[in-house]
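>>> quick one: sequence plus predicted model below, questions after.
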Amino acid sequence: MIQIRHLFKSYGRQVVLDDINLSIEKGVITGLLGPNGAGKTTLVSILIGVVPADRGEILIAGRSLDENLGEIQTICSIVPQNLAIYPMLSARENLEYFGALQGLKGSNLKSSMAYCTEIASLQSFLDKRVGKFSGGMKRRLNLAIGLLNNPRILYLDEPTVGVDTQSRNYILETIKSINQEQETTIIYTSHYMEEIEQVSDTIAILDEGRLLLHAAKETLLQPQGSVTIRVNGINDMLRQSLGRIASVRVLDDGIQLQRDTRLRDNLIEILLLLKKQGVDVVALDSRDKTLEALFLDITRKRLRDAC
Amino acid sequence: MLKILYILKKEFLVLGRDIHSLAVLFIMPVAFILIMSLTMRDLFASHAVRQIKILVVNRDRGDPSRAFIAALEKLDTFAFHLMEAGSDLDLIRRKMFDSDIKFALVIEKGFSLLPKPDLSDQTTRRMTLLVNPTVNRQTYLILKNTLAANLAKTRLASLLKGRQDMLAYAGIDLDQIMQSTAGLIETRYVYKGRQRFKIPTAVQQSVPAWLVFSMFFVVIPLSNTFIAEKNYGTLLRLQSMNVSTGLLLVGRLLPFFIVNLIQVVLMILVGVFLVPLAGGDALTMGDSYAGLLLITTAVSFSSISLALLVAAVAKTTEHATTIGGVLNIILAAIGGIMIPKFVMPHFMQTLSVVSPMSWGLEGFLDIFLRNGNVLDVLPEFLLLFIFGVVMLGTTAVVIKKKMLL
């Protein structure tokens, strides 16, 4: 659905996007991660056609973005991080205004407004001034406006910032249901790793203008590392017995098992061995690789917006 | 076309619910027009013909004193209010302060003997002029000189009375001598620039001045909306919706042009109907509605263009409000909005030509005061139009540099 080839963008001497190559399939939710200043906003701004790229090619639904911008914009939509709504207007007036500017009119506009209002669960508050809405209601309206044109591609930039747990969950569930029901391709940027884990099918990590990683979530987050069995002490006989088992390392205070295909069998064999030799198990450490740990491993821990 | 209507609807809904912007655009100029039209009446009156009130107490019974008063009453400059001959100083003083009359003239007994005064007695005074100490010295001197001139005339008339035969023998016509000498002086006004200069009344100055001022104050709502759209991602959302830059610009210009038109109509109505109700003079409008529309369009175009530039340059709404507010006040101060240009020192009058508010004010004065037409407001129209084009061009450069649109 989206193909980016050798994309470059710089502001003056500062390179913001450096040879980005990315391909996103139809109906996939892609979590776009990156520290502050990584180039996420610039990449999305280029994809929605409000910032021109310096070099490179972007194909959306098989058509060149440069040559078919107006047409492509009609099938795309963005939900900005900030609340891009008018607080002095009611929810109805906001929906009507943005819908009309997208070319919707008459019964199409009305039905689209009704559908989006229902999705955002704002039916009872349509005529209330948006300035008096709660944070969650404003976020839901912000999302609803992004859905007015029934987009095939939806860019969501931190759509849950500053909302309570219920509203956040509602928004995430809504995003997933839109994706499943309408095969909407979604690019989702957020600093909340658990959100990305929850909604994304694939994950892309940008840093300092470069795409460091793009892969399916299952591949990235499959259990990695090791399992360690902590014990009181290991005698020589035990050490010899353990040494014969593959993918096992004997430590001073325990036994480390590699997470591989033999893990289950090895774990059972070792636990039986320990029982037989009368060695007590003190603890079992099993650390999965989290998205946050993966993100920090890849992007390093250095602050990007400090002196 | 439909999109423009929705943009207009949105702008008017937002503006109509923004009480602060409404106050700045409509209530502030109405208040200024009312206050200034009433409080500045005296300032403007000093440049127009306005009668000076004087109390008169005639304690003399002779013909010369009556003739003296009659001669004074013929002068347009003064309005005399006669008091009882027996009024004492205390009563006169109270009357002066109660009625806010700055002068009282007491003609003492023996005034009619003036033609034959005892010149050796320097303490003899046949008239006393009571003066409120707050009175303008120039006004006091004008009155005193007028009294002295008429006194001399009265004395001459008394001296020559009964001597017509002798004068006729000498070939002198007494009536001709006694005629006012004012007719012998021809007055011609000279102008530095335009030939049609005319001093306005307070309302004629206030209505166009505060109208122009308020029209330039669209900078507050316009820049606030633009900056909010810029900072909160609304502009990004609109741009991603395939809404053209042209439509976005027209969406800024058109609603505020209509706001400016409403301001013009409202301020004219205030000048024509409300100010007279409050005790001031009524605004006279002139005859050229085409000229009025032309100058209104030019002022509106330049004020919206300036507002767009401020909106493009400013980073926050507070920033825009400060820049816009201060800029407007400076342009108003040097442009003859706050203080009429004709009372400014010469160098300030010269400086005022750099202010677009001054051009707008002169254009409206051409229509309201000088009964001008389209041709008369053409110079101001062109200046304002060029100013607007320059502001719009600069805005386009700033927007391109900052990649706002």
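Done, it's in.
>>> would you mind giving the domain segments of the chain?
Unless you meant another one, I'm taking chain A. Annotated domains of chain A cover A:2-221, A:226-286 [automatic domain parsing].
>>> ah, I was thinking of chain B
B:18-44+B:201-402, B:51-184.
>>> nearest to residue A:186, of these?
Counting by Cβ to Cβ, residue A:186 lies closest to domain B:18-44+B:201-402 out of the domains of chain B; the figure is 15.1 Å. Quick note: C-beta positions are derived from backbone N, CA and C, even for glycine.
>>> just give the closest residue to whichever residue of the stretch 151-300 of chain B sits closest to chain A, not the sequence neighbours.
Among the residues of the stretch 151-300 of chain B, residue B:233 lies closest to chain A, at 3.2 Å counting by Cβ to the nearest Cβ. Leaving aside its sequence neighbours, residue B:233 sits nearest to residue A:80 (Cβ to Cβ, 6 or more residues apart in numbering or on different chains; 3.2 Å).
>>> name the residue of the stretch 1-150 of chain B that lies nearest to chain A.
As assessed by Cβ to the nearest Cβ, chain A sits closest to residue B:6 within the stretch 1-150 of chain B, at 4.1 Å.
>>> centre-most residue in chain B?
The centroid of chain B falls nearest to residue B:205 when counting by Cα atoms, centre = their mean (3.1 Å).
>>> what about that residue, distance to residue B:273?
Per Cβ to Cβ, to the nearest Å, residue B:205 is found 18 Å from residue B:273.
>>> distance from stretch B:255-268 to the middle of the chain?
21 Å (Cα atoms, centre = their mean, to the nearest Å).
>>> sorry, slip of the keys, the one I care about is stretch B:366-373.
Relative to its chain's centre, stretch B:366-373 lies at 15 Å (Cα atoms, centre = their mean).
>>> now do the end-to-end distance for that stretch.
For stretch B:366-373, the separation between the terminal residues is 8 Å (Cα to Cα, to the nearest Å).
>>> so the residue of the stretch 151-300 of chain B closest to chain A touches residue A:79, yeah?
No: counting by Cβ atoms under 8 Å, residue B:233 does not reach residue A:79; the two are 9.1 Å apart.
>>> the more surrounded of these two?
The neighbour comparison of residue B:233 against residue A:79 (other Cβ atoms under 10 Å in any protein chain shown) goes to residue A:79, with 26 against 20.
>>> following element in sequence after the strand or helix carrying residue B:97, please.
In this structure, residue B:97 sits in helix B:89-98 according to DSSP states H and E. Scanning forward in sequence from helix B:89-98 by DSSP H and E, the next helix or strand is strand B:103-107.
>>> packing partners for that following strand?
Using 3 or more Cβ pairs under 8 Å, 6 or more residues apart in numbering or on different chains; DSSP states H and E as the contact test, the elements touching strand B:103-107 are strand B:52-58, helix B:63-73, helix B:89-98, strand B:127-131, helix B:137-160.
>>> pLDDT averaged over it - what is it?
Per-residue pLDDT over strand B:103-107 has a mean of 91.
>>> quick check: beta-bridge partners of residue A:55?
Counting by DSSP bridges, residue A:55 is bridged to residue A:8.
>>> so how many other residues sit close to it?
12.
>>> residue boundaries of the helices in the stretch 51-200 of chain A?
Assigned by DSSP state H, counting those that start in this stretch, the helices in the stretch 51-200 of chain A fall at A:69-73, A:91-101, A:106-119, A:135-146, A:165-182, A:193-199.
>>> list the buried residues of the shortest one.
Think helix A:69-73. Using 16 or more other Cβ atoms under 10 Å in any protein chain shown as the burial criterion, the residues of helix A:69-73 that qualify are A:69, A:72, A:73.
>>> same question for the third one.
By neighbour count, and taking 16+ other Cβ under 10 Å as the criterion, the buried residues in helix A:106-119 are A:109, A:112, A:113, A:116, A:117, A:119.
>>> same check, this time on the longest one
Within helix A:165-182, the residues that qualify as buried by neighbour count (16+ other Cβ under 10 Å) are A:167, A:168, A:170, A:171, A:172, A:174, A:175, A:178, A:179.
>>> contact residues of the stretch 201-350 of chain B facing chain A?
Residues of the stretch 201-350 of chain B lying near chain A by Cβ under 8 Å from any Cβ of the partner chain: B:231, B:232, B:233, B:234, B:236, B:237, B:238, B:239, B:240, B:241, B:242, B:243.
>>> now with 7 Å, please.
Neighbours of chain A within the stretch 201-350 of chain B, by Cβ under 7 Å from any Cβ of the partner chain: B:232, B:233, B:234, B:236, B:237, B:238, B:239, B:240, B:241, B:242, B:243.
>>> grab the nearest non-local neighbour of residue B:109.
Leaving aside its chain neighbours, residue B:109 sits nearest to residue B:59 (5.0 Å; criterion: Cβ to Cβ, 6+ apart).
>>> OK, contacts around the one you found?
Residues in contact with residue B:59, defined by Cβ atoms under 7 Å, 6 or more residues apart in numbering or on different chains, are B:85, B:106, B:107, B:108, B:109.
>>> nearest residue to residue B:355 other than its sequence neighbours?
Of all residues beyond its chain neighbours, the one nearest residue B:355 is residue B:335 (3.2 Å), with distances taken as Cβ to Cβ, 6+ apart.
>>> show me the strands in the stretch 151-300 of chain A, by range?
Under the criterion DSSP state E, counting those that start in this stretch, the stretch 151-300 of chain A carries strands at the ranges A:153-157, A:185-189, A:202-207, A:210-216, A:226-231, A:248-250, A:254-258, A:281-286.
>>> out of those strands, which is closest to chain B?
strand A:153-157 (8.2 Å).
>>> is the closest one anywhere near chain B?
No: Strand A:153-157 stays clear of chain B (Cβ under 7 Å from any Cβ), getting no nearer than 8.2 Å.
>>> that strand: how far from the chain's middle?
In terms of Cα atoms, centre = their mean, the centre of strand A:153-157 is set 11 Å apart from its chain centre.
>>> for residue 39, what are phi and psi?
Let's take chain A. phi 110, psi 10 (degrees, to the nearest 10).
>>> go on, residue A:66?
Per-residue torsions, residue A:66: phi -60, psi -40 (degrees, to the nearest 10).
>>> nearest spatial neighbour of it, skipping sequence neighbours?
Spatial nearest neighbour of residue A:66, chain neighbours left out: residue A:58 (7.4 Å); criterion: Cβ to Cβ, 6+ apart.
>>> one more: residue A:257?
Here the residue nearest residue A:257, using Cβ to Cβ, 6+ apart, is residue A:227, at 4.8 Å.
>>> beta partners for that neighbour?
residue A:257, residue A:286.
>>> need the contact list for it.
If you count contacts by Cβ under 7 Å, 6+ apart, residue A:227 has them with A:257, A:259, A:263, A:267, A:284, A:285, A:286.
>>> one more time with 10 Å
By Cβ atoms under 10 Å, 6 or more residues apart in numbering or on different chains, residue A:227 lies in contact with A:255-259, A:263, A:266-267, A:270, A:284-287.
>>> what subset of the residues you listed is buried?
By neighbour count, with 16+ other Cβ under 10 Å, the contacts of residue A:227 hold A:255, A:257, A:258, A:259, A:263, A:266, A:267, A:270 as buried.
>>> okay if I get these as CSV plus distance to residue B:384?
Compiled in CSV, these are given as follows (distance: Cβ to Cβ, whole Å):
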residue, distance to residue B:384
A:255, 88
A:257, 83
A:258, 81
A:259, 77
A:263, 82
A:266, 87
A:267, 86
A:270, 90
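>>> lowest-confidence entry in the residues you listed?
Within these, lowest confidence goes to residue A:259 (74).
>>> just read off the phi/psi values of it.
Taking degrees, to the nearest 10, you get phi -80, psi 90 for the backbone angles of residue A:259.
>>> do you know how far it is from chain B?
Using Cβ to the nearest Cβ, to the nearest Å, residue A:259 is found at 43 Å from chain B.
>>> correct me if wrong: that residue contacts residue A:228.
No: the pair residue A:259 / residue A:228 is not scored as a contact, 11.0 Å apart, by Cβ atoms under 10 Å.
>>> mind checking how far residue B:134 is from residue B:290?
According to Cβ to Cβ, residue B:134 and residue B:290 sit 47 Å apart.
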